[in-house]
Each structure stands twice: as structure tokens, then as C-alpha cells.
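>>> Fold the following, please.
(chains A and B)
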Amino acid sequence: MAILDIITYPDERLKTGCEPVETFDPALQSFIDHLIETCAQGPGAVGIAAPQVGILQRICLVDATRARRPVDNHGHLVLINPEITSWDGFAVGREGCLSVPDYTGKVIRAERIEIKAQDRFGAPCTFTMTGFEARIAQHEVDHLDGILFLDRLVSRHADLKRRTPT
Amino acid sequence: MQNNWLILTLVGEDHPGIVANVTRVLFAVGAELGEAAMMRLGNQFAIMMMVRSAGSPEDVIGLLESTRMAFDLKLHVDETDATLHQAREPDVLVTVHGADRAGIVAEVTAALVESGFNILDLRSDVGGTMAAPIYIMQIEGEARRGINAIEAAIAALGAQGLSVRITPIDTVRG
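You can find the predicted model right below:
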């Protein structure tokens, strides 16, 4: 597997909406494997989206198992053509991005989402995500719509929601 | 010509136009601005800003003399070995509030440093009324010995009339 080059802001491809995946062929499987490897090599990365490596297709990874503290999660997810179908609650949290090195900032996200997608072989799937995992998914789906966390920054001094100690 | 980052600090009564005037003068001579923090403190406006390619500290003070006079500012410029791209990521937010009194910052930060906490960002405000002021402080930093060490260190502060809340900051990087 190969480590793909991460493109960085202000590359215009990061501001471009992505096309749906229609063909679940071996080339897609190979690309997903490379994307998984690239995410694994990203410092502290808990997700990645295809446009971050210059591929403008609706493919992303969400992996809350890599959170520094254990959080509720659905494991290592490959989401193809993901679509968030409901949002509930909101919280301020801190985000960074492989495509925006050396900067983190505060962003408001829904605390609980429902998301439907296809897995890497095209089978439909749905997930109810909360907290950290929901935040990752919203960050990655934003990438597929050409939106960066920089577009959603709130005040540096916005308070963070208290979390239940684990 | 040396081209290290200078750190400029500038304070004066808050008026619209201070930032625009200072940065216009610096831009006109080709200066670069690095990271900056600017805020209103009391009725004063305070600027801390990295500046380079504007000459020596004395040159910068000279360039800004008319702005300083116009806004009645206090200006200070230091040579430093500061560099960019040194950002650190906070993993804990400490929020403190209570009736204002002397010693809150000293007590809280003493407890934090004992627990291995490194402050990256601290903001405090005095709210309430003149007769009954309250002190509110938000500190972001690195819990170098873990969050439990901080919770243990700040436990005694509650007995001194302070509400202290520790919130982990888990950064999503995707």
C-alpha cells in the first residue's frame, strides 16, 4: 500500500464538492486501502476524506478507535456516499485537519447524528453516532462538500461542553 | 540586516482605528506580521504582535511614533528568537469562577503547575457589579501528567470559595 500525498489549504480542490461513487470496482478497493494507510500515517488522524488526497469522490474514513481517550464508536469505518440524515444537540469542540497543518480551532457540531452510506463494497449501511465519532463524521462529510473546519470556526473563547469522565 | 521576529506590545485607551493605523504603517514599509493577540483589557486596548522586516526595534518605534502620539499609546518593542509553526495543542480547559478577591490566579496556577499543567492560553474577566465583583478565568493548556493529577490538585480550591471545572479537550484531526 502507498502513502498518498495530502493536499493542503488553500488548494482549490479542498473547496470543491465531490462526485458520488458509482462503481465499486478493484480500483476503488485499492484506493481505499491506500487511503487507510495514509490516514494511519497522519499524525493523530481519526479520519480522512478522498479530496484530501486530491480525489474528488465521496469517500471518507471515520475511525474513533484512534481517539486519545476511549469513546463510543463503530470501529474503523469506510463510508462511501455518506449522507447525514438527522442532527441533534450541539457542542463546541476542537478540530484540526491533515490539510491545515499547525492549527486547531473550535467548531460547533451536532452531538448526535444519523448517517447513511454505503460500505466499501456498495452495501447500504446506517449508523447513529454521538460525541467524538459524530464530530469526525461531520468533519469528513464537510470535506466531501468542499467545506473545511476553517469555514466553521467559532470564537477562540467559546466554552467547551463538559464531557462525562470516562 | 537581521530579520528576527520582534515582539511589539502596545497599550492605550480603546478607540476605533488603533489596529488599522498600526498595521497600515507597518505594511507600508514591507513589514511582515506573524501571530498576534489583541484584546480589550479594562478600558484599554492591548496588542501583542510578532513583526519582522521592519528594521530594528528602534526603527519600528520611529515608524509608529505618529500613531503612538495620535492615540496616546504606550509602545514597547523587543528583539526575540521567536519562530512560527510552534503551535501546541491544549488538551484540558480549566474554568474558574467565584467572588472576586486577591489571590485567585496565584492559588489556581500554583495548584496547576504542581500537577504538571502547562498554560497555553489564559483569559480572565471581572464581571458582576462594582459592589459584588466576580472573577471568571478560562485556562487552556497541556496536562503533562494527566487529567487526574489536575483534578486532585484543584480539589482543595473548592473549599476556598472557587468553582473550578476541568474539561478534557479531545481534538478531532481528520
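
>>> For chain B, give the residue positioned nearest to chain A.
Across chain B, no residue is closer to chain A than residue B:174, which sits at 3.4 Å (Cβ to the nearest Cβ). All C-beta spots, glycine's among them, are computed from the backbone N, C-alpha and C.

>>> Nearest residue to that residue in space, please, no chain neighbours.
Residue nearest to residue B:174 in three dimensions, not counting chain neighbours: residue A:47, with 3.4 Å by Cβ to Cβ, 6 or more residues apart in numbering or on different chains.

>>> which residues does that neighbour bridge with?
For residue A:47, the beta-bridge partners under DSSP bridges are residue A:62.

>>> how much space between it and residue B:38?
34 Å (Cβ to Cβ, to the nearest Å).

>>> next one: residue A:92
In this view, residue A:92 and residue B:38 are 22 Å apart by Cβ to Cβ.

>>> follow-up on the earlier one: compare neighbour counts for residue A:47 and residue B:38 and give me the winner.
For residue A:47 versus residue B:38, the count of surrounding residues by other Cβ atoms under 10 Å in any protein chain shown is larger for residue A:47: 28 against 13.

>>> pretty sure the more buried one is touching residue A:39, no?
Yes - assessed by Cβ atoms under 8 Å, residue A:47 is found in contact with residue A:39 at 6.9 Å.

>>> Now the common contact residues for these two.
A:61, A:63 (Cβ atoms under 8 Å, 6 or more residues apart in numbering or on different chains).

>>> the longest helix in chain A is where?
helix A:26-41 (DSSP state H).

>>> wait, does stretch B:108-125 contact chain A?
Yes - Stretch B:108-125 is in contact with chain A by Cβ under 8 Å from any Cβ of the partner chain, via B:121, B:123.

>>> Go through that stretch and flag the buried ones.
For stretch B:108-125, the neighbour count (16 or more other Cβ atoms under 10 Å in any protein chain shown) marks B:108-109, B:111-112, B:115, B:117 as buried.

>>> How about the residues of chain B by chain A?
B:85, B:87, B:89-91, B:93, B:95, B:121, B:123, B:138, B:165, B:167-174.

>>> Are any of these buried, and if so which?
The buried subset of the residues of chain B next to chain A - by 16+ other Cβ under 10 Å - is B:89-91, B:93, B:95, B:138, B:167-174.

>>> the strands in the chain, which residues?
Because you didn't say which chain, this covers chain A. Per DSSP state E, chain A has strands spanning A:47-49, A:59-63, A:76-88, A:91-97, A:100-109, A:112-118, A:124-130. These are given in chain order.

>>> not quite, I wanted chain B
Listed in chain order, the strands of chain B (DSSP E) span B:6-13, B:32-41, B:44-52, B:74-79, B:92-99, B:117-128, B:133-143, B:163-168, B:172-173.
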